[in-house]
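Peer 1: Test case, fold it:
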Amino acid sequence: MALRGKGMLIVLNEVKRRDAHDFNEWYNREHIDERVNLPGFRRARRYVAADAATDPRYLATYECDTVGDLATSRYLKLLANQTPWSQRNMARFTRFRRLTLRIRVDLAHGVGGAVTCVRFVPDPARAARLAAWLKSEALPAAIRRPDVVGAFAGVNDLEVANAPGKAKGDTYPLSDVVEWAVVLEGADARATSAAARAILTRRALAPFGVTSAPAIGSYTFLFGNER
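Peer 2: Numbers count the residues shown, from 1 in each chain. Here you go, the predicted model:
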């Protein structure tokens, strides 16, 4: 089964160990359900790092009908008026990265117990070639490996990514990095990690203008909900 839409929010974050219990309770009992019930949102899942080397420690995905669902007036109003529990936990973030993805390749299949997220910045002028390579070569090769069951890729939509800051009138610099994210999903984090590190290498991505080593993190499933 494919993803539940053509848009996705990916959030990578971390809190101090002493705050982890309340953070996880908040995510599982309020935050995921609150987001899934917004118009356009279909499914949300969250994960924890599979090993101590993965940073940040937590990853969450939110599947939407379109990336534009992450910039509607209702969604932006919710961001500007968080619950007290949300405010308390968001203030505790020690690491935070937010990507509003326009899905370019969807080879997802069901729900696996682990994911590996690969992030990199290609040349925007080579985006079509990159998407074609991921769809026809790289991701099918990853999925053929044992215990890897699906994969998808998306590009950060800067207009949507910057919508919350613009709505608040923030004066700090807006995001201008067109980052991509590829997610491999499988039954085991070691399998998805091995596939990512074998196939989505800096050398393999270089023809698409990637000049730095991709950021790779592997995670195991914690909780999800859908409607």
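Peer 1: list the contacts for Ser8?
Peer 2: Just to correct that, residue 8 is Met rather than Ser. Going by C-beta atoms under 8 Å, 6 or more residues apart in numbering, Met8 touches 61-64, 67, 100-101, 103, 154. C-beta here means a position set from N, CA and C on the backbone, and glycine is covered the same way.
Peer 1: try Thr116
Peer 2: Listed by C-beta under 8 Å, 6+ apart, the contact set of Thr116 reads 183-184, 189, 192-193, 195-196, 216-219.
Peer 1: could you redo those as JSON lines and give each row secondary structure, pLDDT and neighbour count?
Peer 2: Listed next are the contacts of Thr116 as JSON lines, based on DSSP: H, G, I helix; E, B strand; the rest coil; pLDDT from 0 to 100; neighbours: other C-beta atoms under 10 Å:
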{"residue": "Val183", "secondary structure": "strand", "pLDDT": "98", "neighbour count": "25"}
{"residue": "Leu184", "secondary structure": "strand", "pLDDT": "98", "neighbour count": "33"}
{"residue": "Ala189", "secondary structure": "helix", "pLDDT": "98", "neighbour count": "25"}
{"residue": "Thr192", "secondary structure": "helix", "pLDDT": "98", "neighbour count": "32"}
{"residue": "Ser193", "secondary structure": "helix", "pLDDT": "98", "neighbour count": "23"}
{"residue": "Ala195", "secondary structure": "helix", "pLDDT": "98", "neighbour count": "25"}
{"residue": "Ala196", "secondary structure": "helix", "pLDDT": "98", "neighbour count": "25"}
{"residue": "Ile216", "secondary structure": "strand", "pLDDT": "98", "neighbour count": "20"}
{"residue": "Gly217", "secondary structure": "strand", "pLDDT": "98", "neighbour count": "23"}
{"residue": "Ser218", "secondary structure": "strand", "pLDDT": "98", "neighbour count": "27"}
{"residue": "Tyr219", "secondary structure": "strand", "pLDDT": "98", "neighbour count": "29"}
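Peer 1: Out of these, which is nearest to Asn28?
Peer 2: Tyr219 (15.4 Å; C-beta to C-beta).
Peer 1: And the closest one, how close does it get to Lys166?
Peer 2: Separation of Tyr219 from Lys166 (C-beta to C-beta, to the nearest Å) stands at 31 Å.
Peer 1: a markdown table please, covering the contacts of Thr116 and showing distance to Pro124.
Peer 2: Below are the contacts of Thr116 laid out as a markdown table (distance: C-beta to C-beta, whole Å):
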| residue | distance to Pro124 |
| --- | --- |
| Val183 | 20 |
| Leu184 | 23 |
| Ala189 | 31 |
| Thr192 | 27 |
| Ser193 | 28 |
| Ala195 | 26 |
| Ala196 | 22 |
| Ile216 | 22 |
| Gly217 | 24 |
| Ser218 | 27 |
| Tyr219 | 28 |
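Peer 1: Going by distance to Trp85, which of these wins?
Peer 2: Nearest member of the contacts of Thr116 to Trp85, counting by C-beta to C-beta, is Tyr219, at 23.4 Å.
Peer 1: So in terms of bridging, what pairs with the nearest residue in space to that closest one that is not next to it in sequence?
Peer 2: Excluding its sequence neighbours, the residue lying closest to Tyr219 (C-beta to C-beta, 6 or more residues apart in numbering) is Tyr47, at 3.4 Å. Bridge pairing for Tyr47 (DSSP bridges) gives the partners Leu59, Phe221.
Peer 1: Tyr47: neighbour count?
Peer 2: Residues contacting Tyr47 under the criterion other C-beta atoms under 10 Å number 25.
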